[in-house]
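[1] Output the structure for:
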Amino acid sequence: MKLVGCRGPILSCSMTRKTDGLIHRDLTDQILGAFYREYNELGSGFVEPVYELALTKQLHSRGLNAKRQIPVTVSFRGRPAGHFRADIVVEDKVVLELKAPSQIYPIHEVQLLNLLRASPFEVGLLLNFGPEPQFERLVFSNARKAPMPTRH
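    Below you'll find the model as predicted:
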């Protein structure tokens, strides 16, 4: 399930939905509005931490609870296998992965999908601050996250 968004510098964005009943639709619409607003102000060319801090402030200004660098534990066969950090988590519901290359590459989608698989979050937005703003919306439902059986 993907949203079709606008490209290039814009003042506002009208997004169309490929499917109805999207999980956390209102929240992701607010996040995308903040993303495009920030992109219009900063443009491309900064490193990801700059966008991360600016977007967090933009989300806070909209009354949203946004936290940066949230630790996530990855489990393998029921045991911790490592840790990584989610760039931003909004309202404890949507995880944001920020990028700033020339375009979104398949490996970026894989990173976000793995983050969703390893965490309790079901919805993720991949936000690219490249030469043109881009986003992908990924969903991995918790119902599909059945724990793997432990082997001895």
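[2] Now do the helix or strand hosting residue 28: which elements does it pack against?
    Per DSSP states H and E, residue 28 falls inside helix 25-42. Contact partners of helix 25-42 among helices and strands, from 3 or more C-beta pairs under 8 Å, 6 or more residues apart in numbering; DSSP states H and E: helix 48-61, strand 94-99, strand 123-129, strand 133-139. C-beta here means a position set from N, CA and C on the backbone, and glycine is covered the same way.
[3] Excluding sequence neighbours, find me the nearest residue to residue 96.
    For residue 96, ignoring the flanking residues on the chain, the nearest one in space by C-beta to C-beta, 6 or more residues apart in numbering is residue 88 at 4.1 Å.
[4] a strand runs through the one you found, doesn't it?
    Yes. Applying DSSP: H, G, I helix; E, B strand; the rest coil, one finds residue 88 inside a strand.
[5] mind checking which of the helices and strands packed on helix 25-42 is nearest residue 35?
    Across those, residue 35 has its closest neighbour in strand 123-129 (5.1 Å, C-beta to C-beta).
[6] Give me the residues contacting the closest one.
    Strand 123-129 is contacted from outside by 23-24, 28, 31-32, 35, 39, 42, 44, 46, 48, 51, 55, 93-101, 103-104, 108-109, 112-113, 115-116, 133-140, using C-beta atoms under 8 Å, 6 or more residues apart in numbering.
[7] With that, I have no additional questions.
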